[in-house]
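1. Pasting the sequence and the predicted model now:
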Protein chains: 2
Amino acid sequence: MDVKNKTLYEAKAHVLKALAHPTRLWIVENLANGERCVCDLVSEIGADFSTVSKHISVLKQAGIVEDDKRGKQVFYRLKVPCVMNFIQCVEAVLRNRTQAQVEMLSGELTLP
Amino acid sequence: MDVKNKTLYEAKAHVLKALAHPTRLWIVENLANGERCVCDLVSEIGADFSTVSKHISVLKQAGIVEDDKRGKQVFYRLKVPCVMNFIQCVEAVLRNRTQAQVEMLSGELTLP
DNA sequence: ATTTCGTTTGGCAAAATAACCAAATGTTAT
DNA sequence: ATAACATTTGGTTATTTTGCCAAACGAAAT
């Protein structure tokens, strides 16, 4: 892996890392239904304002969301729509995994 | 966010977290071209054997890759093909971002 | 001009991750 | 049975990430 490629992989990992947190993932999926202000998100999540704000700034810095200041509020929206297909694939991984677990269990539990 | 959903988001984040590391991302993209044994990966990455092994086990535990022990070697392959579309989207995020940077710069650098 | 409201920032302690070394495991070859 | 090889596991230390509190900020209402 040469230097140029290493930098590229670091950049990509950085984007993924931004998505790799339950709260941030929730925010992203929520924004898929349309823009929201920070206050909306905070009230639904049940975490500190500052915590939510920091999570959003991670997403913003990664280029996943963009903001729009209107009056006192800041509205956020998804910048890259494909992020959602994306999450569908994650769900596929999960289904796949639980499927395997089910099969493993049914093997173990087979009665004579 | 109720308890059931919280668990779901944690599970999804866990999968994403597995992908959110430069080395692991490289491994995944590499496996997209066909199965590889750990030794192949180690020699191309230039990291410790144990380090690579641990990265792979993170991917395996997340349900992204699966292994196949043959002789002394363990071969790994992608378990969920859609992971690749996925990475294409990450690349879209990056393009989008650098695009924005270019525009910002060209704005700043406009001569009178 | 001061207050109020929505949001961001700074700082800090707790928890999670990462990389290396050394040692253990399991499998084939001698 | 022993040696050689491929891989995994343990353990340690350094680094990063997280979440909350308090404080700062900027816009709009009074």
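-> Now that the structure is in, tell me what you want to look at.
2. Please report phi then psi for A:Phe75.
-> The phi/psi pair for A:Phe75 (degrees, to the nearest 10) reads phi -100, psi 140.
3. Count the neighbours of it for me.
-> 17 (other Cβ atoms under 10 Å in any protein chain shown). No exception for glycine: its C-beta is placed from N, CA and C like everyone else's.
4. A:Tyr76 too?
-> So A:Tyr76, with other Cβ under 10 Å, has 23 neighbours.
5. Tell me the bridge partners for it.
-> Counting by DSSP bridges, A:Tyr76 is bridged to A:Arg36, A:Asp67.
6. Correct me if wrong: it contacts A:Arg70.
-> No. With contact defined as Cβ atoms under 8 Å, A:Tyr76 does not count as touching A:Arg70 (11.4 Å).
7. Distance across stretch A:76-90, terminal residue to terminal residue?
-> 23 Å (Cα to Cα, to the nearest Å).
8. Then stretch A:65-78?
-> 4 Å.
9. Spatially central residue in chain A, please.
-> In chain A, the C-alpha nearest the mean C-alpha coordinate belongs to A:Leu25, at 2.6 Å (Cα atoms, centre = their mean).
10. Flag every buried residue along the helix or strand where it lies.
-> Assigned by DSSP states H and E, A:Leu25 falls within helix A:22-31. Applying a neighbour-count criterion of 16 or more other Cβ atoms under 10 Å in any protein chain shown, the buried positions in helix A:22-31 are A:Pro22, A:Thr23, A:Arg24, A:Leu25, A:Trp26, A:Ile27, A:Val28, A:Asn30, A:Leu31.
11. And A:Leu59, how close does it get to chain B?
-> Distance of A:Leu59 to chain B, computed by Cβ to the nearest Cβ, to the nearest Å: 11 Å.
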